[in-house]
Every structure is written in structure tokens, then in C-alpha cells.
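Q: return a 3D structure for these sequence lines:
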Amino acid sequence: MSTEDPDWRSFIRRHWGAAAMFVLAVALAFIGAAYVFLWFVGNAQSSGMVPRVLGLWTMGHLVTFILGLILREILFIGIPVIIAAVAGWLWWRKLPDDERKGYHLFGARSRATGGGGSISLLFWIAFCIKIYLDGNWNVAISTWTLDYLVYSCLTTLIWLMIIFGIPTALGIIWWIDHEMKKKP
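A: This next block holds a predicted model:
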């Protein structure tokens, strides 16, 4: 271990109570998220929000179920986790500067990002719009054919390529033209 590496073992020995509370909080958050999920599934079925048989689900049921689940997870798990994270950050800030500077929680920053997550969300939203416009929003998904599903996905992809591809292509053409005029 080099002199620049933080000694996490001594940190945990000195602050064992905080470390134990952190481990307990993470375990409770995971258990709580699973419990909220199971509670919401049972409640959604018994209240009639969604049919018990998956073959009877429509896009309306699917979207309502996903949004309801996300909202309940945020309400019951997300907000307490944020409060706990703020409390942990405030505790961390109260540590002496000498001790805190020796530990790097997140490593060196990088400019690179994973990216791509918003594309799948955008595709999902466009796909839902396509299904709605086709009039199949309240039609059981089990009645869809494979052809309908594949052509709907392709149509959605074409929509996104037109909406974002044309402006991107125009921007690239403009940039190339601008760069070509700069250099003789």
C-alpha cells in the first residue's frame, strides 16, 4: 500500500458505528425497495389497477403500473435514502479536514460518461405514442402479432432518425462547410 492510498481499515476502526449504520442503511434500503415492490404488485392486482393475467395487460396497464411503482418507490424509499445521504454527507463534513483529505470516496473525475440511457427512454416514449396513435393502447398485448410489434419498433426508430437525424446531418454539413471555408 503506497503512502497516497487511504487506510480504510483504520478509518472503519475509528468510526465503526458510522460504518455499521451505513451497512444497515443500505441493507434496509434494498429490503425496503423489494417490500414496496411486492406490496405494490399485490395491491395493483387486488385493486383492479392491472389484470391478474399478463395476457390481458394493455399498454395503458403497463404504463400505469410502471409510473405507479416508480412514484411509490420514490416516496417510500427514495426520499428516506436522500435524507440519510444528506445526513451522511453532513457527518462527513464534520470530520477534521486532515482526516477527510486522506480519503477519496469517488476517485479521480473523468469527463467520459456512460451515456445512452436517455435514448432508450426516448425510444420507449415514442413507442408508447405509436401504440396510442394506432389505437392499440387499450388492446391486450397478447393479441398483438410479432409483425405488428416489429413494424411498430421500426416505425418508432424511423421517427427518431428523422426527428434527430436530419438536424444532426444539417449541423454536420454546416460544420464541414464552415471548416472548409476556414482553411484554404
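
Q: measure the residue sitting nearest the centre point of the chain to Ile158 for me?
A: Using C-alpha atoms, centre = their mean, the residue of the chain that lies closest to the mean C-alpha position is Gly117, 7.6 Å off. Distance, Gly117 to Ile158, by C-beta to C-beta, to the nearest Å: 22 Å. The way it works is simple: take the backbone N, C-alpha and C, and place the C-beta from them, glycine included.

Q: can you check Val81 too?
A: 40 Å.

Q: which one's more surrounded, these two?
A: Val81 (16 against 11; other C-beta atoms under 10 Å).

Q: assess the claim that Trp92 and Tyr103 are in contact.
A: No - here Trp92 does not reach Tyr103: they are 9.1 Å apart, not a contact under C-beta atoms under 8 Å.

Q: please pull up the helix or strand immediately following the lengthiest helix in the chain.
A: Taking DSSP state H as the criterion, the chain has its longest helix at helix 16-47. Scanning forward in sequence from helix 16-47 by DSSP states H and E, the next helix or strand is helix 59-73.

Q: tally of neighbours for Ala25?
A: 16.

Q: excluding its backbone neighbours, what's nearest it?
A: Distances taken as C-beta to C-beta, 6 or more residues apart in numbering put Ala84 closest to Ala25, at 5.4 Å, once the chain neighbours are dropped.

Q: ok, now Arg72?
A: Phe40 (5.4 Å).

Q: what about that neighbour, neighbour count?
A: Neighbour tally, Phe40, other C-beta under 10 Å: 18.

Q: does it touch Leu69 like I think?
A: Yes - using C-beta under 8 Å, Phe40 is in contact with Leu69, at 5.3 Å.

Q: mind checking how far Leu133 is from Arg100?
A: Taking C-beta to C-beta, one finds Leu133 at 55 Å from Arg100.

Q: ok, Val53 next?
A: Going from Val53 to Arg100 by C-beta to C-beta gives 56 Å.
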